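Student: A predicted structure for the sequence below; I have some questions about it.
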Amino acid sequence: WPGIVSVQATLENGTWHMCSGALIHPQWVLTVAQCFFGAGDTSTWDVLIGATDLSRPGPEAEQRHIERVLRHHDYDADLESNNIALLELDRPVECSDYIQLGCVPDSSLAVPELKTCYIAGWRAAPDSDPSPGAVLQEAKVRL
């Protein structure tokens with residue numbers, strides 16, 4: 001899953017995975033608005049790209065600072081509607097075997113034609129022990 005990124009916050013007690021996102025352009029990530037709801041100052045937030053194990057990212061992984069967060073202007077946390085955001089990175093990433101733009105279906109594909117999809121991400125629960133949440137997980141889901 002070279003298009004999946006980890007959105008991370010650096011706090012007094014360490015760096016934590018907050019949510020996942022998809023690299024949709026060398027300088028832009030698509031993610032959920034709820035990740036930033038009530039987050040306060042996001043100046044210490046970064047994006048880790050090209051890693052599957054957050055506890056050991058490896059030399060192929062790259063980190064970028066979040067330059068700007070653009071939440072959907074009609075995002076409603078109570079209704080969980082319009083839960084989408086764009087993150088502008090401080091500089092573009094170069095695609096490689098480990099870093100690629102997220103895959104999206106051809107625009108001619110009708111949603112009812114999609115029978116199954118895959119989801120991928122890390123568990124977003126700050127805890128002190130290295131856990132399976134540090135390793136990228138995937139699941140096949142029926143639509």
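Tutor: Right, received. Where do you want to start?

Student: roughly how far apart are the nearest residue to residue 73 once chain neighbours are set aside and residue 24?
Tutor: Among residues not flanking residue 73 along the chain, residue 82 sits closest, at 8.0 Å (Cβ to Cβ, 6 or more residues apart in numbering). Glycine gets a C-beta too; all of them are placed from N, C-alpha and C. As judged by Cβ to Cβ, to the nearest Å, residue 82 and residue 24 stand 17 Å apart.

Student: buried set for the longest strand seen in the chain?
Tutor: Secondary structure of the chain per DSSP state E: the longest strand is strand 14-25. Buried residues in strand 14-25, defined by neighbour count with 16 or more other Cβ atoms under 10 Å: 15, 16, 17, 18, 19, 20, 21, 22, 23, 24.

Student: Can you list the neighbours in contact with the helix or strand just after that strand?
Tutor: Remark: after strand 14-25, the chain's next helix or strand is strand 28-31, criterion DSSP states H and E. Here strand 28-31 makes contact (Cβ atoms under 8 Å, 6 or more residues apart in numbering) with 5, 7, 19-24, 47, 84-89, 102.

Student: Pairing partners for strand 28-31, with directions?
Tutor: Using DSSP bridges, the strands paired with strand 28-31 are strand 14-25 (antiparallel), strand 85-89 (antiparallel).

Student: Mean pLDDT lowest where, among those strands?
Tutor: Among the strands paired with strand 28-31, strand 14-25 has the lowest mean pLDDT, at a mean of 92.

Student: now that one, how far from the chain's geometric center?
Tutor: Remark: strand 14-25 is offset 3 Å from the chain centroid, using Cα atoms, centre = their mean, to the nearest Å.

Student: And for that strand, what's in contact with it?
Tutor: Contacts for strand 14-25 (Cβ under 8 Å, 6+ apart): 3-10, 29-32, 34-35, 39, 45-47, 49, 54, 87, 93, 99-102, 104, 120-124, 126, 133-134.
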